[in-house]
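Peer 1: Predicted coordinates and the sequence they were generated for:
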Amino acid sequence: MKLVTWNVNSLNVRLQRLVDWLGANRPDVVCLQETKLEDERFPHEAIVAAGYRAFASGQRTYNGVALLVRDGLAVADLATGLAGYDDAQKRVIAATIGGVRVICAYVPNGQAVGSDKYAYKLAWCDAATAMLRAALAEHPRLAFAGDMNIAPEPRDVHDPAAWEGQVLFSEPERQRFRDWLALGLADSFRLFEQPPNTFSWWDYRMLAFPKNRGLRIDHILLSAELAKRCTAARIDRAARKGEKPSDHAPVLVELALEAFSG
DNA sequence: ATGGCAATGTTTCATTGA
C-alpha cells in the first residue's frame, strides 16, 4: 500500500496539480488537508476520472480534509472529527481501507505561542492523543497521517536556534508529538536513513524554498504492526516546484501488506 | 535548477497560514 499525506492549500487551486500527481505516482490512499471546500463543492468528477473515490469533510475558506481511495479498495467505518471533542473546524476524517485504519488530520496551526489559537492547538492535540489511544486498541494496523504543524526535532528545522520556542517548534508542541509516539506510533520518515535537511513545508516568502529553509511538519505515524511492514518513506520535494505549488510537499510511505502484494 | 507570498472572502484590503 502506498499511502500519502498532502496539504494542498486549496483543492480548488491545486486540483489539476493533484490529478497530475495521482497519475504519475498512483498512490492507494491520499490524505488531503486544507481543501477549503464545502462538501457540496468537492470535485468528485475529477477524482473519479483519475481512478479514485473521495470522502470529504470540509468547510469554506479554512481547514477541510479528505481521503482519496484508489478504485478497487474496500472502505469501511468512515468517521469525521475527534470523538469526545466538540470542534467546529473540519480537521479529521478516518476510514478503514484495505484493513488499515487511516486517520487523516489537519492539526491547528497555533498562530503564536501564548495565543488563544495556541491553547486550542494544545487542547486539540490532547484530544487527538485520547482518540488515538482508543483507535489503537481497536485497530492494530493504524496510520495517523497529516499536517501535524509540529517539527518534532532540531533536525526537522532549517534553523533550530532561530525557531526554538516559536510556534511549530515549541517544547509543549514537541511534547504532544512525543505523546503520540509514546502510544506506540512510529515516525515513519525516521525508520529509514534520510538526506539531511529534508523538509515538508517551505514559506512562500523570502526565497524559503530555493534556499531550502523549511520545516518537517507533515507526518505519517504508524502503529507497530505497520511500522514493521513499512518498506519506504520519503518526501516528494519536486512537487513543491513549478507554478502555483502548495507550500507543502507530499509525504509518502510504502507498506508491504498481503492484500497489496500485486 | 528551484524563485522573490498565497488563498479567501470580508474583495482593491483584512485575515490567516506556518
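Peer 2: Perfect, I can see it now.
Peer 1: Report the contact partners of the closest residue to A:Ser200 other than its chain neighbours.
Peer 2: The shortest distance from A:Ser200 to any residue other than its chain neighbours is 3.9 Å, reached at A:Asp218 (C-beta to C-beta, 6 or more residues apart in numbering). For glycine as for every other residue, the C-beta is placed from the backbone atoms N, C-alpha and C. Residues in contact with A:Asp218 (C-beta atoms under 8 Å, 6 or more residues apart in numbering) are A:5-7, A:146-148, A:200-201, A:235, A:248-249, A:251.
Peer 1: I'd assumed A:Leu67 was in contact with A:Gly146.
Peer 2: No: taking C-beta atoms under 8 Å as the definition, A:Gly146 is not a contact partner of A:Leu67, at 10.9 Å.
Peer 1: returning to what we had before: could I get the contacts of A:Asp218 as CSV with distance to DNA strand B?
Peer 2: Formatted as CSV, the contacts of A:Asp218 follow (distance: C-beta to the nearest atom of the strand, whole Å):
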residue, distance to DNA strand B
A:Thr5, 12
A:Trp6, 11
A:Asn7, 5
A:Gly146, 10
A:Asp147, 6
A:Met148, 10
A:Ser200, 9
A:Trp201, 5
A:Ile235, 13
A:His248, 7
A:Ala249, 11
A:Val251, 14
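Peer 1: So for stretch A:245-257, first residue to last residue, what's the gap.
Peer 2: Distance between the boundary residues of stretch A:245-257 (C-alpha to C-alpha, to the nearest Å) amounts to 32 Å.
Peer 1: ditto for stretch A:150-168
Peer 2: The first and last residues of stretch A:150-168 sit 5 Å apart, counting by C-alpha to C-alpha.
Peer 1: Please see if it touches DNA strand B.
Peer 2: Yes: for stretch A:150-168 and DNA strand B, the contact criterion (C-beta under 7 Å from any atom of the strand) is met by A:167-168.
Peer 1: Give the buried residues for that stretch.
Peer 2: A:150-152, A:156-158, A:163, A:167-168 (16 or more other C-beta atoms under 10 Å).
Peer 1: Can you tell me which of the residues you listed lies closest to DNA strand B?
Peer 2: Using C-beta to the nearest atom of the strand, A:Leu168 is the member of these that sits closest to DNA strand B, with 5.0 Å.
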